[in-house]
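>>> For reference, the sequence and a predicted model appear below.
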Amino acid sequence: MSAQTSPVISTPGKVADAVPGVHELILARWSPRSFSDRPVSTHDLIVLLEAARWAASSYNEQPWRFVVARKADGSLYDRLLGILEPFNQGWAKTAPVLMITAAKRHFTHTGAINLHALHDTGAALAQLFLQATALGLHAHGMAGFNREKARIELGIPDDFELGAAAAIGYLGSPDDLAQPYKDRELSPRQRKPLSDIIFGGHWNEPLAL
């Protein structure tokens, strides 16, 4: 499946119920736990990482770093899987690609603290996730991993803040998941209303739309 011809694949029951006009990539993106063992091609993996590379960042610092392992990498993949919390290992073990993200704490050109490093790294990961959707892939970000173990086993320097882990691959069948993963897989997508999160000039005053 190539980057040029892959359609956006919308999973029944998981397409976001948003106002008209929101792009189909955003509507179709969701975070499954059921992954097929079908490998992600090297070409498509490069496209995903290239999408992340072109994210916006403060002073164009590009503070993000991704440690990536494919199932074909054997012990490297097992190392990343072992860094995940046991709950996440239970479902992520079938995903063909795992990654850990980190953000450089200081600006390279001044040495000053980059207060937006994790924000920018999250933006890069979001672009990767949307590109995955465009390729017919899915991605699931995870907070549940052992951060100190990741730092030690992956050799992550102290000047880098750990971000999120992620699993990437093709959608599998929820029937292959054990509980409680299966229930979460089949539950509908939900979001808070705009009035709860968008304020108009003062905290907790909803923006008049």
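Arrived safely, thanks for sending. All of these numbers come straight from a predicted model, not from anything done at the bench.
>>> same for the longest helix belonging to the chain, what does it pack against?
Longest helix in the chain by number of residues (criterion: DSSP state H): helix 117-134. Secondary-structure packing of helix 117-134 (3 or more Cβ pairs under 8 Å, 6 or more residues apart in numbering; DSSP states H and E): helix 24-28, helix 42-53, strand 64-70, strand 97-104, strand 138-142, strand 160-169. Just so you know, the C-beta spots here come from the backbone N, C-alpha and C atoms, and that holds for glycine as well.
>>> Show me how far the longest one is from its chain's centre.
Helix 42-53 has its C-alpha centroid displaced from the chain centroid by 13 Å (Cα atoms, centre = their mean, to the nearest Å).
>>> per-residue pLDDT, the residue sitting nearest the centre point of the chain?
Taking Cα atoms, centre = their mean, the centroid of the chain lies closest to residue 141, which sits 3.9 Å from it. With respect to pLDDT, residue 141 has a value of 98.
>>> ok, and which of the helices and strands packed on helix 117-134 has the densest surroundings?
Most buried of these by mean neighbour count (mean count of other Cβ atoms under 10 Å) is strand 97-104; its value is a mean of 24.
>>> Name every strand pairing with that one and say which way it goes.
Strand pairing for strand 97-104, using DSSP bridges, gives strand 64-70 (antiparallel), strand 160-169 (antiparallel).
>>> And the contacts of it?
Contacts with strand 97-104, where a contact means Cβ atoms under 8 Å, 6 or more residues apart in numbering, come from 40, 45, 61, 63-71, 77, 80-81, 83-84, 92, 114, 117-118, 120-121, 124-125, 145, 150, 154, 156, 159-169.
>>> Next, the buried residues of the lowest-mean-pLDDT helix or strand in the chain.
Least confident helix or strand, the chain: helix 181-186 with a mean of 82, by mean pLDDT, DSSP states H and E. Neighbour counts over helix 181-186 (16 or more other Cβ atoms under 10 Å) mark 181-182, 185 as buried.
>>> could I get these as JSON lines with distance to residue 22?
What follows is the buried residues of helix 181-186, written out as JSON lines (distance: Cβ to Cβ, whole Å):
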{"residue": "181", "distance to residue 22": "28"}
{"residue": "182", "distance to residue 22": "28"}
{"residue": "185", "distance to residue 22": "23"}
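>>> about what we covered before: for the strands paired with strand 97-104, give me JSON lines that also has mean pLDDT and distance to residue 103.
Conversion of the strands paired with strand 97-104 to JSON lines gives the following (pLDDT from 0 to 100; distance: least, Cβ to Cβ, whole Å):
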{"stretch": "strand 64-70", "mean pLDDT": "98", "distance to residue 103": "6"}
{"stretch": "strand 160-169", "mean pLDDT": "98", "distance to residue 103": "5"}
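>>> so can I have a markdown table of those showing distance to residue 23?
Converted to a markdown table, those look like this (distance: least, Cβ to Cβ, whole Å):
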| stretch | distance to residue 23 |
| --- | --- |
| strand 64-70 | 23 |
| strand 160-169 | 20 |
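>>> Of all these, which one comes closest to residue 53?
Of all the strands paired with strand 97-104, the one in closest proximity to residue 53, counting by Cβ to Cβ, is strand 64-70 (8.6 Å).
>>> Show residues contacting the closest one.
Looking at what lies outside strand 64-70 - Cβ under 8 Å, 6+ apart - the contacts are 39-40, 45, 49, 52, 55, 57, 76-77, 79-80, 96-104, 120-121, 124-125, 154, 156, 160, 163.
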